[in-house]
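Asks: All I have is the shape, not the residue letters:
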């Protein structure tokens, strides 16, 4: 008996919109706009998932309610291959449906395209194998779950009697093959010997052929499934003899020189030495119609004379495991989880030398893990992996300064980038356009979020990973270095119930961190705080944080339209990027909301002309803005190796002249000598600030569209402390050095 869902004329996509609206997943306005658009079934689904942020699970459940069939989640469900193959692959893909359960009397199908199920019932029924006497029932699921289930068809045998996920496609005589090491090393030697299976061919970039002694063994099947899912590759499984596997394992010993203990023991168990057959004597096997490609040419090694002092260059000859884009590492298989760096990266990483030792081992997943672990240890904010002509350069940004750490062979670039893409869920085979992704790791008790960006360059893809340590928590304004008059101005203006607090400065100057500190200070259970961010860097308890998604039309401006209908007291907009967002923020401030946002300008005074240039009327700016904050970050002197120094009297005189009539401590100058706990005498960073309050004189200049220099001059006359003056005060207090202040304010 076949029980199709009810898809009569009154059960249409309009009913799905009503269900979603009743469940709170779709606004009434959104439902009405879609109904009036006359969109097709496919268009309605697309609108709901992209423009209205309906989750796939919510959409599938709504269809289940309308059609009177249950919802089923297939994610993580182990479906036997003989059950999957009850439905012909062509029909499964055409109607987006799979068989997910079967017993003596029932056969259950899950579909993600319910609008088409009545189009060709006979074809579907005939395509279900051994359906006589079965009660066939339907369920609805997400398109993503169906897509994942359809992958079970790829690379499988046609027989339905196998009880394993991977059917054996034939037998292979490994005694008659010489396997290139670039192919063999797709599995590390430990994995190959432990599970008695080897990669013997790589017919395409997305397919490998594996020979196993016991291909039906559940442990072998689990490892193969893990590797296939983790690398998005197809695996074709073959049977091999014990002698053939042992012969193939010798390839690791020949290439590595010193074989791992597990491989040595495995090979030593042979009764006799099997001779190596030369490639020209290998007959073409019947089970493998395509021969593997030859290994790519090796690039030039790193020129030793070009390596700067303090930078370690790892040479190709030093890497014990030749790099070929290993599908998985031994550690990967054993743990099935590479996000816990404490167990995944077994070495204790405290220096660049420790990292170089891991790189020399050549296991790509562990190398990437070690790169991240050392960055966390050294407090890096960004990791740069940059392919150059003859080597790959690894740099960390520590305390705002990029430092080169290691150079490693160009052969590592492709597998390292592939590993990062796998972790970030990016497209491995896409190297022509930039990509963005993210993943989480834990290390030494810290939860770290890594935001990944890839960029094509002339020598290959460059990757930059932004390191966000979630365990550090939100900084306070005092810890950020705000004090004195600037601190009093900020406290006075954030206490107001409405208006704009604008943080300005270049990228990486700490604007978002300052806004987080302000939010943490003013967020209470009595106020409703909503943020729009790209990305959400740190979670703040009690704050409703929203990630904007420009690719699907959910921009800062679009988000602001929705946020103001959420009864907010305080709104944080991550950045004003265009005139529409600027105008929306201004109107939000004028209608009784306190708005915190950022803008890219060099100083506080420059924000006013910038907003005018964006199309905001000057009189709206002057009535909506409470205060404009500009800032830079300077490195702090390491307290462990801090020492007092003397500077020429002429320099002191210039600094005192710059301070004018400001009160200041007795001039004193310090530096860090450099020690094991710091980087070049510095450890950590602190902010230098200037806060411009809107006065009558400043408002008049803004309305007159005066240049930023005139506004700055007037603000200083009214008592504003500039960033340079704030930096000099921090120099006198022994917090930073004069060189640091001049480095970030030299344009003044």
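Replies: Done, it's in. Just so you know, these numbers come straight off a predicted model, no measurement behind them.
Asks: Give the residue spans of the stretch 301-450 of the chain that score low on pLDDT.
Replies: 301-306, 316-338 (pLDDT under 70).
Asks: Would you map the helices across it?
Replies: Per DSSP state H, counting those that start in this stretch, the stretch 301-450 of the chain carries helices over the ranges 330-335, 341-344, 352-361, 364-377, 413-424.
Asks: helices and strands around whichever strand or helix holds residue 147, which ones?
Replies: Here residue 147, judged by DSSP states H and E, is contained in helix 143-150. The contact analysis (3 or more CB pairs under 8 Å, 6 or more residues apart in numbering; DSSP states H and E) places helix 143-150 against helix 89-95, strand 97-102, strand 106-111. For glycine as for every other residue, the C-beta is placed from the backbone atoms N, C-alpha and C.
Asks: Tell me the helix or strand right after that helix.
Replies: The helix or strand immediately downstream of helix 143-150 is strand 168-171, counting by DSSP H and E.
Asks: in its sheet, what does that next one sit against?
Replies: strand 234-239 (parallel) (DSSP bridges).
Asks: Just put the helices of the stretch 301-450 of the chain in TSV and tack on distance to residue 143.
Replies: What follows is the helices of the stretch 301-450 of the chain, written out as TSV (distance: least, CB to CB, whole Å):
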stretch	distance to residue 143
helix 330-335	29
helix 341-344	33
helix 352-361	40
helix 364-377	30
helix 413-424	22
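Asks: Run through the residues that contact the closest residue to residue 510 other than its chain neighbours.
Replies: Nearest non-adjacent residue to residue 510, counting by CB to CB, 6 or more residues apart in numbering: residue 633, 5.0 Å away. Counting by CB atoms under 8 Å, 6 or more residues apart in numbering, residue 633 makes contact with 400, 508-510, 685-688, 744.
Asks: now residue 641
Replies: Residue 641 neighbours (CB under 8 Å, 6+ apart): 672-675, 677-678, 681.
Asks: Which one of the residues you listed is nearest to residue 243?
Replies: Lowest distance from residue 243 to the contacts of residue 641 (CB to CB) belongs to residue 677, with 57.5 Å.
Asks: Am I right that that closest one is in contact with residue 684?
Replies: No - if you go by CB atoms under 8 Å, residue 677 and residue 684 don't touch, sitting 10.9 Å apart.
Asks: Report the separation between the residue nearest the centre of the chain and residue 420.
Replies: Central residue of the chain (CA atoms, centre = their mean): residue 438, 1.0 Å from the mean position. Residue 438 is 11 Å from residue 420, where distance means CB to CB, to the nearest Å.
Asks: so who does residue 376 touch?
Replies: With CB under 8 Å, 6+ apart, residue 376 has these contacts: 341, 443-444, 446, 448, 467, 469.
Asks: Of those residues, grab the buried ones for ChimeraX.
Replies: Listed next is the ChimeraX selection for buried residues among the contacts of residue 376, using 16 or more other CB atoms under 10 Å:
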select :341,443,448,467
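Asks: Turn the contacts of residue 376 into TSV, columns for distance to residue 108.
Replies: Listed next are the contacts of residue 376 as TSV, based on distance: CB to CB, whole Å:
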residue	distance to residue 108
341	41
443	43
444	47
446	45
448	42
467	46
469	46
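Asks: Strands - which of the contacts of residue 376 land there?
Replies: Per DSSP state E, strands hold the following members of these: 443, 446, 448, 467, 469.
Asks: residues contacting the first one?
Replies: By that I understand residue 443. 341-342, 345, 372-373, 376-377.
Asks: ok, back up a step: out of residue 677 and residue 684, name the residue with the larger neighbour count.
Replies: residue 684 (15 against 11; other CB atoms under 10 Å).
Asks: Was I right to think that one contacts residue 635?
Replies: Yes - the criterion here is CB under 8 Å, and residue 684 meets it with residue 635 at 7.4 Å.
Asks: shared neighbours, those two?
Replies: residue 399.
Asks: picking that back up, highest average neighbour count across the helices of the stretch 301-450 of the chain?
Replies: Most buried of the helices of the stretch 301-450 of the chain, by mean neighbour count (mean count of other CB atoms under 10 Å): helix 364-377, with a mean of 25.
Asks: tilt between that one and helix 352-361?
Replies: 170 degrees (axes from the mean of the first three to the mean of the last three CA atoms, to 10 degrees).
Asks: gap between helix 364-377 and the chain center?
Replies: Distance of helix 364-377 from the chain centroid (CA atoms, centre = their mean, to the nearest Å) equals 15 Å.
Asks: Then stretch 567-586?
Replies: Worked out by CA atoms, centre = their mean, stretch 567-586 lies 26 Å from the chain centre.
Asks: So what touches stretch 676-688?
Replies: Residues outside stretch 676-688 that contact it (CB under 8 Å, 6+ apart) are 378-379, 398-401, 403, 480-482, 510, 514, 631-641, 671-674, 723-724, 726-727, 730, 735-736, 740-741, 744-745.
Asks: if we can go back for a sec, what's the average pLDDT for the helix holding residue 147?
Replies: When pLDDT is averaged over helix 143-150, the result is 80.
Asks: likewise stretch 722-736?
Replies: 94.
Asks: thinking again about what came up before, can you name the residues that contact the residue nearest to the centre of the chain?
Replies: Going by CB under 8 Å, 6+ apart, residue 438 touches 424, 449-452, 535.
Asks: what about 6 Å?
Replies: Listed by CB atoms under 6 Å, 6 or more residues apart in numbering, the contact partners of residue 438 are residue 451.
Asks: For beta bridges, what are the partners of it?
Replies: Beta-bridge partners recorded for residue 438 (DSSP bridges): residue 451.
Asks: The chain should start at 703 in everything you say after this.
Replies: Done: numbering now begins at 703, and the last item shifts to residue 1140.
Asks: Tell me which stretches of the stretch 1103-1252 of the chain form strands.
Replies: Assigned by DSSP state E, counting those that start in this stretch, the stretch 1103-1252 of the chain shows strands spanning 1103-1111, 1137-1145, 1148-1159, 1162-1171, 1201-1206, 1231-1235, 1246-1249.
Asks: okay, those strands, which one's buried deepest?
Replies: strand 1201-1206 (a mean of 26).
Asks: Give me the residues contacting it.
Replies: With CB under 6 Å, 6+ apart, strand 1201-1206 has contacts from 1213, 1216-1217, 1291, 1297-1298, 1300-1301, 1303, 1309, 1326-1332.
Asks: Just these: which are in strands?
Replies: 1297-1298, 1300-1301, 1327-1332.
Asks: Looking at neighbours, which among those residues is most surrounded?
Replies: For the ones in strands among the contacts of strand 1201-1206, neighbours tallied by other CB under 10 Å; top is residue 1330, 29 neighbours.
Asks: between the ones in strands among the contacts of strand 1201-1206, which is nearest residue 798?
Replies: residue 1300 (43.8 Å).
Asks: doesn't residue 1212 make contact with the closest one?
Replies: No - when contacts are counted by CB atoms under 6 Å, residue 1300 is not listed as touching residue 1212 (10.3 Å).
Asks: For residue 1217, list the residues it contacts.
Replies: Contacts of residue 1217 by CB under 6 Å, 6+ apart are 1205, 1274, 1298.
Asks: which residues in the stretch 1303-1450 of the chain form helices?
Replies: 1309-1315, 1320-1326, 1351-1361, 1398-1405, 1410-1419, 1425-1434, 1440-1447.
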